[in-house]
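# would you be able to build a 3D model of this:
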Amino acid sequence: MKTRFSFLARSFHFFLSSENVHSGGHVLGGVSFSKIPRVLIAKCGLDGHDRGAKYIAKALRDAGMEVIYTGVRQSTDDVAQTAIQEDVDIVGLSLLSGAHNTLFPKLIEALKNQGGGDIPVFGGGVIPKSDIPYLKSIGVKAIFTPGTTVEDVIKEIKKILEG
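This is a model prediction of the structure:
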């Protein structure tokens, strides 16, 4: 596995193996994609619990996606800047700190302010079901709570990216 560090953040960039590439398309985790998605997995704020973020980053990489992981304690502006610099297709924000109602709006605003307003955002972590309607109303495309399978995450990413 090759790793490189992003200019803007402590981003690990995982390159995919060719075993998941098929003629005419890409089958990732049993789901067909028209192109290989570039996914940024981020941890914002003071939340230092990164096991879930690393797990999903590795699982998506193992499924054949190109994954960039920011590391912990990133600002929303840094995450937005990295997303634009790395030309990602989608951003996933992992939160366990209870700051989801603050950090998701800040990230979406930072993406808009930096010219990345078209980059979809999804999230995961310990997020109360009662907060999900608010998060979706501000533009978060999907929220994955504990117990969501990797296969379901892959299917939802395809739905978000390819309709």
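# would you map the helices across this structure?
Counting by DSSP state H, the segments of the chain that form helices are 51-62, 76-85, 100-113, 132-137, 150-162.
# deepest in the core, which of the ones you listed is it.
Across the helices of the chain, the average number of neighbours (mean count of other CB atoms under 10 Å) peaks for helix 76-85, which reaches a mean of 22. Just so you know, the C-beta spots here come from the backbone N, C-alpha and C atoms, and that holds for glycine as well.
# residue 148 versus the most centrally placed residue in the chain, what's the distance?
Centrality entry for the chain: nearest residue to the mean C-alpha point is residue 92, 2.2 Å, by CA atoms, centre = their mean. The span separating residue 92 from residue 148 equals 12 Å under the rule CB to CB, to the nearest Å.
# equivalent analysis for residue 115, please.
31 Å.
# more crowded one of the two?
Comparing residue 115 with residue 148 by neighbour count (other CB atoms under 10 Å), the higher total belongs to residue 148, at 14 against 10.
# the more buried one contacts residue 122, doesn't it?
No. Counting by CB atoms under 8 Å, residue 148 does not reach residue 122; the two are 10.8 Å apart.
# is it true that the residue nearest to the centre of the chain touches residue 120?
No. Contact status for residue 92 versus residue 120: not in contact, 9.7 Å apart, counting by CB under 8 Å.
# list of residues touching stretch 147-163?
Residues from elsewhere that reach stretch 147-163, judged by CB atoms under 8 Å, 6 or more residues apart in numbering: 28-34, 37, 39, 56, 59-60, 63, 65, 89-90, 120, 122, 124, 141-142, 144.
# make it 10 Å
Surrounding stretch 147-163, the residues in contact under the criterion CB atoms under 10 Å, 6 or more residues apart in numbering are 28-35, 37, 39, 55-56, 58-60, 62-65, 89-90, 92, 120-122, 124, 141-144.
# for residue 33, give me its contacts.
Taking CB under 10 Å, 6+ apart as the definition of contact, the neighbours of residue 33 are 20, 25-27, 63-65, 89, 154, 157-158, 161-162.
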